[in-house]
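1. have a look; sequence and predicted model below, questions after that.
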4 protein chains.
Amino acid sequence: MAHPYDLVIENGTIHTPTSTYKANIAVRDGKIAAIGGAFEDAARRVDAGGLEILPGIWHVHCHFREPGHTYKEDFASGTAAAAVGGVTMCIDMTNNTPLPTTLDMFEEKKALVAPKAHIDYALYGGGLYPRTVEALAKAGAVGIKIFNTRHIKEVYPYISELGVLDHGILYELYEATRDVGLVASVHHDDPEWCKRLTFRDYINQGRTDALAYQESFSKGYMYGHGMVAGLAASLYYARIVGVKLHVLHLGVMPEGANEMIRHAKFDLGQDVSSELELGTLFMTREQMEKVGPATYNWGYNPEAGWETIRNGVADFIVLEHAPHTWEEVQPGWQDMFSIPLGMTGAQEFVPSMLNAVNEGRLTLNQIAKLAAEAPARRFGIYPKKGVIEVGADADFTIADMKREAVFTKADMLSKSGHTSWEGMKVKGLAAYTIVRGEVVAQDGKLKGSRGYGKFVTGTATA
Amino acid sequence: MAHPYDLVIENGTIHTPTSTYKANIAVRDGKIAAIGGAFEDAARRVDAGGLEILPGIWHVHCHFREPGHTYKEDFASGTAAAAVGGVTMCIDMTNNTPLPTTLDMFEEKKALVAPKAHIDYALYGGGLYPRTVEALAKAGAVGIKIFNTRHIKEVYPYISELGVLDHGILYELYEATRDVGLVASVHHDDPEWCKRLTFRDYINQGRTDALAYQESFSKGYMYGHGMVAGLAASLYYARIVGVKLHVLHLGVMPEGANEMIRHAKFDLGQDVSSELELGTLFMTREQMEKVGPATYNWGYNPEAGWETIRNGVADFIVLEHAPHTWEEVQPGWQDMFSIPLGMTGAQEFVPSMLNAVNEGRLTLNQIAKLAAEAPARRFGIYPKKGVIEVGADADFTIADMKREAVFTKADMLSKSGHTSWEGMKVKGLAAYTIVRGEVVAQDGKLKGSRGYGKFVTGTATA
Amino acid sequence: MAHPYDLVIENGTIHTPTSTYKANIAVRDGKIAAIGGAFEDAARRVDAGGLEILPGIWHVHCHFREPGHTYKEDFASGTAAAAVGGVTMCIDMTNNTPLPTTLDMFEEKKALVAPKAHIDYALYGGGLYPRTVEALAKAGAVGIKIFNTRHIKEVYPYISELGVLDHGILYELYEATRDVGLVASVHHDDPEWCKRLTFRDYINQGRTDALAYQESFSKGYMYGHGMVAGLAASLYYARIVGVKLHVLHLGVMPEGANEMIRHAKFDLGQDVSSELELGTLFMTREQMEKVGPATYNWGYNPEAGWETIRNGVADFIVLEHAPHTWEEVQPGWQDMFSIPLGMTGAQEFVPSMLNAVNEGRLTLNQIAKLAAEAPARRFGIYPKKGVIEVGADADFTIADMKREAVFTKADMLSKSGHTSWEGMKVKGLAAYTIVRGEVVAQDGKLKGSRGYGKFVTGTATA
Amino acid sequence: MAHPYDLVIENGTIHTPTSTYKANIAVRDGKIAAIGGAFEDAARRVDAGGLEILPGIWHVHCHFREPGHTYKEDFASGTAAAAVGGVTMCIDMTNNTPLPTTLDMFEEKKALVAPKAHIDYALYGGGLYPRTVEALAKAGAVGIKIFNTRHIKEVYPYISELGVLDHGILYELYEATRDVGLVASVHHDDPEWCKRLTFRDYINQGRTDALAYQESFSKGYMYGHGMVAGLAASLYYARIVGVKLHVLHLGVMPEGANEMIRHAKFDLGQDVSSELELGTLFMTREQMEKVGPATYNWGYNPEAGWETIRNGVADFIVLEHAPHTWEEVQPGWQDMFSIPLGMTGAQEFVPSMLNAVNEGRLTLNQIAKLAAEAPARRFGIYPKKGVIEVGADADFTIADMKREAVFTKADMLSKSGHTSWEGMKVKGLAAYTIVRGEVVAQDGKLKGSRGYGKFVTGTATA
């Protein structure tokens, strides 16, 4: 005979953005059916005694490389890594081949990834053609991702054809995105500036090795002032258009960006949000020097990043996942301006945050807000996801704050075969990753199956 | 045999500050035991089909006149009126006789009111003697109420002996309140200013009738610019002391106060909150002219008040309850400067807000925040109260948004025997008022019993 | 026998930025030798009884079209027009042929214009090659003018080769300009935006006539939002470089520019100035409709412009002079997007301002500041010019506030042969234009001679 | 035969707020008749070769103690000291006996001081009775001085009867002062606060000696937070009344005052000015410990003061002159809370500023603005005074920037017989003090005669 509940999580402590309390949770049909109660009759029980229950964590900045670059990562390996790390929901980016910028190609990507996902996922539509935005939105895109950038040497993962540098087109993409009510998520840049200055002061000086690159990063060259200048123009256009703007790569950009967003958001009342890249808070000089080209950013001024959490400039937190193979990045020790830039983060994201909680820099309540509630609300998926509440999807990240680990490539499920965080110690790991009531990972082991993850559509589907 | 649940609320729609969803709620031992589930076995069931479930509404500004002035109101009549209106938790003020400014007198008040309360309640300690603040805090005061005011003609409910006009004493009260970690809630004023200008331009001109008073109110005389000037000084002292300041009577004060609080809160980062008096949004000129001395404020510029909700200057909303008898206020038609000033609001508060929801000026989610979560958090009673979450007190205000009523004294439980809102129509009424799992009022009828309401202590009890 | 003074101006009223007083002024060797006194023995006397003496007015935005386009205007006709209007000092722009962007071409321009000038003048160096900035500065450029723009159809006066759209080059021009201590004066733009939107909504719709253009101007298309977006990026680059930035075309840009400059200047403390184009305050709809393609801007929201004077966002005022021949602009009635855009202002500038004084919108003290002291200080020519003070150049604009005139092409000395202000009445005219003690114009008649005007060098000459 | 000029100042360098230039100055009838020229025929010549000519310096905060306390100082000795120091114009305060708060008493003071003044002077009217403000203004008061304070032990120079603590009266004084168009200059305070805290933490602890006092000063007790709280309320009242408010004792008040004035002035656009007490920038710990009770303030945080000059919060600079006899203040070594508080500054003011110029902290141009132009403009005496311009009064402070001195009581002309700055070295002294063309002091020697100084009336005389 059928049990009244499919799953009961018992004895745990629940953390919401605003409170912390103990209660059992009962799940039925993938949703939270009940909170509180003994729930004695259930198909499955998870004992969360001594563990911390968070709403399912969102990873909002994944490059799972499918289709087209699946030797680096694919949707199966990427979502598996995320699941094992503690992520229940991810958003995938658009620099694929072919590019998901038209309905056909977006549908092709949807079809390809659907059988592979271990966790729930949303897909950005590729912002390139203003005329296709509506179709992408109706097909379920969660937002429109715009690469307002090109790489100075046209190296992947920057796909030059995907770069929207023409501000007229950018503006029309904002108009179209506004019309469908989605968020425009933008990697801002001013590649002319970046190209000219980086060549002048680094590449043409023969300073191309990994440390020279990281120096240039600290000084605002690669991923630098050009991003801020691009942001300045974009904020203005977005304001006059009235589109919801989401600023990517906060923390990677020099600090001038923080003030710009603050001014737009709090002085001018603009509808703008941003996601803080935690890599720039966590990546120490020591680690950066050790992994070299396996990371494109490092934390040369982490306090500026923490400040964005305190003052409300940052809306989300994330640890970007943009993997390449070991072989691809190793030449970066000599010439980092010619290799694919990226870093890993899908599997390391949740443990890194939990470690920061143990270090007193974050709270579990803040994580519940910045990595669950806030993205769910911004993308219009709230309260379906992002909250521990009856009726919401039964997505949980259950943490064991006492367990420790050392990040090492042997444990990584990413196809890239390495981690930017190799050798770093963390305290605080995901004990269970639960998606719509199913345990998809437990104690560092993948438990679910490919294809379980569901496509979560944006707000503009018919 | 015992039922697993004492009460089940079924078929209703739950409103939190951030979401709205349908779920049944099960209560055991006065707390929310479970949310979601059929909960078939329960001692009692409430069918909330078609109704809206809010966290139990707080009324944070009650003058229940006990001890000393119980012919106007007492704790039984006041809490009964509140219960019937839809309030589950109230905070009582301190202008009693004797004054609850010392441990003995505070304990005397506690003992007197305990057998009478229909709903849960907290008590302010009377801020007068810096040396007694610690004892009041340990005895359970929820905060320290300071009357930084006197009436220009020394008329009750202003008790001159309770007025802290000396800023040296005010400062020491802030120090003492900071040391026990409580909130200092202040009725600010500058009575010298008020007295001189009001006499000069009104009383000495023979302009004392109710309409002259209301004109003076609109111009910033009685309850006017002096309050703002007092606030200006107080904000500075509170900032250098580092006390949590709570500003009473927002909306009653001229608009200059709004900017001052905004500057302190958002530009200077001061720990300051405020409560918006909804009377200044709801009391129309027509109603004010009809009831005359039965109200001390009116809504001559309601938009300025609504703006404080939008811009975050207001933290709570309330409809002050400060009753006097009909006989006491009637001479105010001739001389409003010589009568006790006040208005009724305990019973009218929730319906007034629900009516504003039906008019599109408020949302149920905002009510859940501004009249439940926010006060609970500010006073440190969260998440015990203020939230619909497992483990929280089972306090609910269940609203029927379709029912209509006309406020009329015949329906009022206040001893004062009248209502400032006589004849006003509202749409939206409390169907059930539930305190710790007990239905204390239903469909306008009192159901609970005296003494059921519990004393809720502040955060400084040993 | 030699007189002790070359010129005495007697009986006039002097207006400075801060005061107004009566005194005679004595000039010797082109400089103010003395203020106050009877000065009985002088070679020449000017009776300024009933007249107003202003410091010599600067016209900071002249396009005198030499070399290369002298059929529209040349340095003789342009400075003659300015002199007759009341201008004593002008700054010439750089969109000439050849372009004054290298030392040779800048020296060529210097040599060409020197024998022709009726009034003193400074020359902008053409900002195009970062490596030539130092040489231009040493050769006497008063600042570096940068065209961060191109015309959407590549029509002169926009010279595409002079357009610095690459932000890397713009940045290097800022570095080079900072290193020589000059001001970088920038016509900001984002031509991609302008081109795309203007074609989409006007040109491709067949809406190209003069009124369609002026409508697009009002809506922020041509000369529109792109300028503001360009400004946004430029302000950031200028700030991190530390260059003195001067923003051209305030008032022409949509109002968003005003707030951006205000934020940079007053909140962030950036060293930025701007010049307000008075055409957008003075050009009425009636006049705009009458002259059609003979003006490129009009005053659709003059109050926003006046506000920049009041709040300190505008540092200078000017009436741009950018002439074309009548024949060149007439096709603009049909297709304004294909003709050279411009307007006249050299001769009309001072009378327009004086008329505004008579209308109560400006004061003579404000003119002394915004059109004399402020530009002299910004460009480092103060107190040599810009002030009525002993030792300063004896430059004066002496106004008769009672005389009236109607602008008409018959009176215009510009080679362009017309005026954008044809038919407009003004009250307030220059009675005398005096440059270094010589009367170069009087009562609307040219009095000086070609070649009298001297080249005023910037601050970076060796 | 009469000379055309009474005085010629030749070979000097003139400093204005905006420029520096060399020119001779000719004076006739007490006014600047001419600037520039050889002026060979003059009754008197002053050779300013190698010297710096400033507009005559204003001392805006003098307590010359007449009538009533002339054993401390009188108008002759006070103005003589000021003249010798380099001051040409002073403003006298109102805490005299009798109080110049009514027309009779103000006229009595005018009559008494007229025969004694060595330099020009203005008088504040004593703000106490709203009804007498108009008469005081018509009798020539330059502004209305309001003591919004009392001494905690009622010790002179605080005259309790002159203290306006009642905010109703303060408000009416603002109304009356607004109506006559004068400035209300206020010593703000909240004496209740000051009294209670100072007694509690110092006097009642037996900590009354001079160093304990100075410690309390640093911590914001005496002359402390109460002043800021008083300012907070006053700014609000002044804003709603619309009076021109002038804040006294900037720099003496804790830094919170600076932000308050900044907010009022620059965020809210209020018509408020302030004068910075330079004693709090110049008085070192060493000096303060040496002179003990001969100073009431010291520079425990001078950078906060310098910042107010940079950011425009300070409008004037001054070195307060509030003398008492040596015998009166000496008991302050033991009990500083019981002696008259004050310090000397009339004679030391100009040399102290010149010394700061030599130290690179000020410029002569800033002095010309902050100690001449700005007060002249604020009080409506500009351009009669405060500027070196034809027609202005021939007031000059001619400085020798190379001469050095050590302040010592033997050189002081103040009746008080001592200086708060005893033993301090300065570089930069007044060589000539010239008032309306007469040399009233030269090289430290008094040259003029009693009664030469003229009464300068405010703007409200009939």
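-> Nice, I can see it. Residues are numbered from 1 along each chain as shown, chains lettered A, B, ... in the order given.
2. show me what the lengthiest helix in chain A is packed up against.
-> In chain A, with assignment by DSSP state H, the single longest helix is helix A:225-241. Contact partners of helix A:225-241 among helices and strands, from 3 or more CB pairs under 8 Å, 6 or more residues apart in numbering or on different chains; DSSP states H and E: helix A:167-180, strand A:183-187, helix A:191-201, strand A:244-250, helix A:256-262, helix C:225-241, helix C:256-262. (Each C-beta comes from the backbone N, C-alpha and C, glycine too.)
3. quick check on the residue in the stretch 301-450 of chain A positioned nearest to chain D: phi, psi?
-> Taking CB to the nearest CB as the measure, the stretch 301-450 of chain A has residue A:311 as its residue closest to chain D, at 18.7 Å. Per-residue torsions, residue A:311: phi -90, psi 10 (degrees, to the nearest 10).
4. helix/strand/coil for the residue nearest to residue A:201 when sequence neighbours are not counted?
-> Setting aside the residues directly before and after it, residue A:201 is nearest to residue A:221 in space (CB to CB, 6 or more residues apart in numbering or on different chains), at 6.7 Å. Judged by DSSP: H, G, I helix; E, B strand; the rest coil, the three-state class of residue A:221 is coil.
5. identify the residues contacting residue A:221.
-> By CB atoms under 8 Å, 6 or more residues apart in numbering or on different chains, residue A:221 lies in contact with A:194, A:197-198, A:201-202.
6. neighbours of the residue nearest to residue A:57 when sequence neighbours are not counted, how many?
-> Leaving aside its chain neighbours, residue A:57 sits nearest to residue A:397 (4.5 Å; criterion: CB to CB, 6+ apart). Residue A:397 has 31 neighbours, counted by other CB atoms under 10 Å in any protein chain shown.
7. next one: residue A:397 from residue C:97, what distance?
-> Taking CB to CB, to the nearest Å as the measure, residue A:397 falls 67 Å from residue C:97.
8. does residue A:69 really touch residue A:97, like I thought?
-> Yes - judged on CB atoms under 8 Å, residue A:69 makes contact with residue A:97 at a distance of 6.6 Å.
9. neighbour count winner among these two?
-> Remark: of residue A:69 and residue A:97, residue A:69 carries more neighbours, 21 against 15, as counted by other CB under 10 Å.
10. that one and residue A:128, how far apart?
-> Distance from residue A:69 to residue A:128, by CB to CB: 18 Å.
11. most proximal residue of the stretch 201-350 of chain A with respect to chain D?
-> residue A:267 (11.8 Å).
12. so what's residue A:424 up against?
-> By CB under 8 Å, 6+ apart, the neighbours of residue A:424 are A:287, A:406-407.
13. could you say what helices and strands the helix or strand of chain A with the lowest mean pLDDT packs with?
-> Using mean pLDDT, DSSP states H and E, helix A:191-201 stands out as the lowest-scoring helix or strand of chain A, at a mean of 90. Helix A:191-201 makes packing contacts with helix A:225-241, helix C:167-180 when contacts are defined by 3+ CB pairs under 8 Å, 6+ apart.
14. neighbouring contacts of it?
-> Under the criterion CB under 8 Å, 6+ apart, residues A:149-152, A:163, A:165, A:207, A:216, A:221-222, A:224-226, A:229, A:337, C:165-169, C:171-172, C:237 lie in contact with helix A:191-201.
15. now do it: distance to the chain's middle.
-> 28 Å (CA atoms, centre = their mean, to the nearest Å).
16. so where do the strands sit in the stretch 251-400 of chain A?
-> For the stretch 251-400 of chain A, the strands defined by DSSP state E, counting those that start in this stretch occupy A:272-277, A:316-318, A:396-406.
17. those strands into a markdown table, with extra columns for mean pLDDT?
-> Formatted as a markdown table, these follow (pLDDT from 0 to 100):
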| stretch | mean pLDDT |
| --- | --- |
| strand A:272-277 | 98 |
| strand A:316-318 | 98 |
| strand A:396-406 | 98 |
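18. which of the ones you listed sits closest to residue C:439?
-> Among those, strand A:272-277 comes nearest to residue C:439, with 58.5 Å by CB to CB.
19. tell me the pLDDT of residue A:141.
-> What the model reports as pLDDT for residue A:141 is 98.
20. what do you get for the one 4 residues further on?
-> Residue-level confidence at residue A:145 comes out at 98, pLDDT.
21. next: residue A:462.
-> pLDDT recorded at residue A:462 is 67.
22. residue A:407 touches residue A:429, doesn't it?
-> No - Residue A:407 is beyond contact range of residue A:429, at 10.8 Å (criterion: CB under 8 Å).
23. can you list residues touching both of those two?
-> Jointly contacting residue A:407 and residue A:429 under the rule CB under 8 Å, 6+ apart are residue A:351.
24. which bits of the stretch 151-300 of chain A sit near chain B?
-> By CB under 8 Å from any CB of the partner chain, the residues of the stretch 151-300 of chain A that approach chain B are residue A:266.
25. nearest spatial neighbour of residue A:64, chain-adjacent residues omitted?
-> Nearest to residue A:64 is residue A:78, by CB to CB, 6+ apart, at 3.6 Å.
26. and the contacts of residue A:221, which are buried?
-> Listed as buried from the contacts of residue A:221 are A:194, A:197-198, A:202; burial here means 16 or more other CB atoms under 10 Å in any protein chain shown.
27. ok, the residue lying closest to residue A:231 once chain neighbours are set aside to chain B distance?
-> Excluding the flanking residues, the one nearest residue A:231 by CB to CB, 6+ apart is residue A:188, at 4.3 Å. Look at residue A:188 and chain B: by CB to the nearest CB, to the nearest Å, they are 27 Å apart.
28. just residue A:424 next, same as before
-> Following CB to the nearest CB, the distance that separates residue A:424 from chain B is 34 Å.
29. flag every buried residue along stretch A:160-173.
-> By 16+ other CB under 10 Å, the buried positions in stretch A:160-173 come out as A:162-165, A:167-173.
30. those residues also near chain C: which ones?
-> A:165, A:167-169, A:171-172.
31. worst mean pLDDT among the helices and strands packed on helix A:225-241?
-> With a mean of 90, helix A:191-201 has the lowest mean pLDDT of the helices and strands packed on helix A:225-241.
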